[in-house]
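Participant: would you be able to build a 3D model of this:
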Amino acid sequence: MRFVDSFLNRITMYRLVLYYLATLLGVAALFGFFHILPYRPADLAFSALVILAVGWVVNAAFAKVFGAAPNSESVYITGLILALIISPVAPTDYAGIGFLVFASAWAMASKFIFALGKKHLFNPAAFGVALGALVLGQGATWWVGGNLPLLPLVFLGGLLIVRKIHRFDLVIAFGVAASLSILATTVSISFFAPLTQTILHSTIFFLAFVMLTEPLTMPPTRGLRIAYGALVGVLFAPNVHLGSFYFTPELALLAGNSFVYAVSPKGRRILTLREKKRLAHDTYEFAFASDRPLAFKAGQYLEWTLGHRSADNRGNRRYFTIASSPTEDALRLGVKFYRPASSFKRALAAMRAGDTLSVSHVAGDFVLPRDPKKKLAFIAGGIGITPFRSMVQYLVDTKDSRPVVLLYSNRTAAEIAYKETFDVAERAIGMKTVYALTAEPSPVPGTIAGKIDAALIAREIPDYAERTFYISGPPSMVKAFRGILTGMGIPRLRIKTDYFPGFA
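Facilitator: Numbering: from 1, shown residues only. I've put the predicted structure just below:
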């Protein structure tokens, strides 16, 4: 399990999905070679190449027309999904090739044509095959989910994706709703036969793990994610219909996408760099101006896209918490630069005033409680301080004197970031901050030597049993502190953790 977590921490969600899809296609070709699956490897390769080639050309053309940076990683992911849900065709099957070309072209085009505020509305692959079914009378077979030999790989690889992005709530809501809907709409002698058939011979897992969890078409908060998953799950059942109109998996997903658009922040913003400054050792803050106002809550995060050449296996998209408060005019990003730095961070470090990048998908439940009387305790490790900087600045700006204690851990004093913000908060709203240094060779005034542990928490926060704890930092740190707090008798419902796709 530790090896799995280490692997997941080193790779972005998008690159993980790309490798997963490529592996599925490769294994399917291998199974086809040994006649375990009824598909010729040559047909699988030909279909995938047609889809990817058409998708790449259409995406590049539309990106040029719309003045957007083409995203090759997105093209490959959408193309591989299409190759796994549309039955492979032979080079002599002209009707089949026509459907591949049509579905792939419209999947890519939909990201630009059906985009509001530079953010696509529908899952591209689902849109492409749904439109193909409507116009050409052909549809997706979702063969990747209908073949039992691939089920273990589909399931285990899908679990890695969901574990990476911490979206079990969404997948479970979908699974429960789909199961209940299938049982309620199917007449069978055996009560569980329809459900068993669906699990073993349908696309339920592939849809849930790969397409339902696409970040840009996912709601921003946990409650809305559960509603989204439940809606798609209900419509996923094969016998759900409106009159003579029956839902397919892709139509169920598109209906869910429409719901997400209705309840989510709209569009993609273009940010222009105003200034860059050093916060601490290897830590810098980037202040951006947005082309349009961006509504968010203190503590939420964004998906940041920075196109650059020779992207490494972490790609050109990352999730970072917004370091600024909603009360500030600049959108701030605090970043820790490790060595060796990823290609994304090298490109970020090379930005100059006037350079641009894009952001979208405001999301996250790691926000201040509505009740201002709740006692709070913040625990941060390293650059995990950014959501707390956002929250604390918001409290200062709104003169909200909540009972807050911040415990902030770093290796050395040189790594402490945003200290001036917390010093102001101490004077303005009475917030207490404790700086713990784990590797400082000699005592540093105003800090505590050593790790934050149960004894330190009890000493610095005597009323800890009455507080709600917020933890932000590397996944291993978050997991460790959650264990410490539960061991101290803090209920899990009063422990909030800052997990989001692709901690960076």
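
Participant: what comes into contact with stretch 113-127?
Facilitator: Contact with stretch 113-127 is made by 62, 68, 78, 81-82, 85, 106-108, 110-112, 211, 214, 216-217, 249-251, 253-254, 257-258, 261, 266-270, 292, 358, 360-361, as judged by CB atoms under 8 Å, 6 or more residues apart in numbering. All C-beta atoms are positioned from the backbone trio N, CA, C, and that covers glycine.

Participant: just the ones of those in helices?
Facilitator: 62, 78, 81-82, 85, 106-108, 110-112, 249-251, 253-254, 257-258, 261 (DSSP state H).

Participant: nearest residue to Leu302 other than its sequence neighbours?
Facilitator: Val359 (4.4 Å; CB to CB, 6 or more residues apart in numbering).

Participant: and the one you found, how many neighbours?
Facilitator: Around Val359 there are 22 other residues, counting by other CB atoms under 10 Å.

Participant: which residues touch it?
Facilitator: Arg268, Arg269, Leu271, Ser290, Leu294, Leu302, Glu303, Trp304, Thr305, Leu331 are the contacts of Val359 under CB under 8 Å, 6+ apart.

Participant: now, which of those residues sits nearest Ala454?
Facilitator: Leu302 (34.1 Å; CB to CB).

Participant: distance of that closest one from Val424?
Facilitator: Separation of Leu302 from Val424 (CB to CB, to the nearest Å) stands at 25 Å.

Participant: then Leu156 would be within a helix, right?
Facilitator: Yes - checked against DSSP: H, G, I helix; E, B strand; the rest coil, Leu156 lies within a helix.

Participant: check what pLDDT it gets.
Facilitator: What the model reports for Leu156 is a pLDDT of 94.

Participant: what's the answer for the one 5 residues further on, then?
Facilitator: The model reports Ile161 with a pLDDT of 93.

Participant: hang on, it in a helix?
Facilitator: Yes - using three-state DSSP, the secondary structure at Ile161 is a helix.

Participant: and it, how many neighbours?
Facilitator: Around Ile161 there are 20 residues (other CB under 10 Å).

Participant: for the closest residue in space to it that isn't next to it in sequence, what are its contacts?
Facilitator: Excluding the flanking residues, the one nearest Ile161 by CB to CB, 6+ apart is Phe209, at 5.4 Å. Neighbouring residues of Phe209 by CB under 8 Å, 6+ apart: Val154, Gly157, Gly158, Leu159, Ile161, Val162, Val171.

Participant: now those: which count as buried?
Facilitator: Val154, Gly157, Gly158, Ile161, Val162, Val171 (16 or more other CB atoms under 10 Å).

Participant: before we move on, which element is Gly334 in?
Facilitator: Taking DSSP states H and E as the criterion, Gly334 maps to strand 331-336.

Participant: chain center to that strand: distance?
Facilitator: 18 Å (CA atoms, centre = their mean, to the nearest Å).

Participant: offset the numbering so it begins at 40, please.
Facilitator: Noted, 40 is the first residue going forward, which turns the last one into strand 370-375.

Participant: run through who's touching that strand.
Facilitator: Applying CB under 8 Å, 6+ apart, the external contacts of strand 370-375 come out as 310, 318, 321-329, 333, 343, 359-363, 384, 387, 398, 421-422, 424-425, 428, 456-457.
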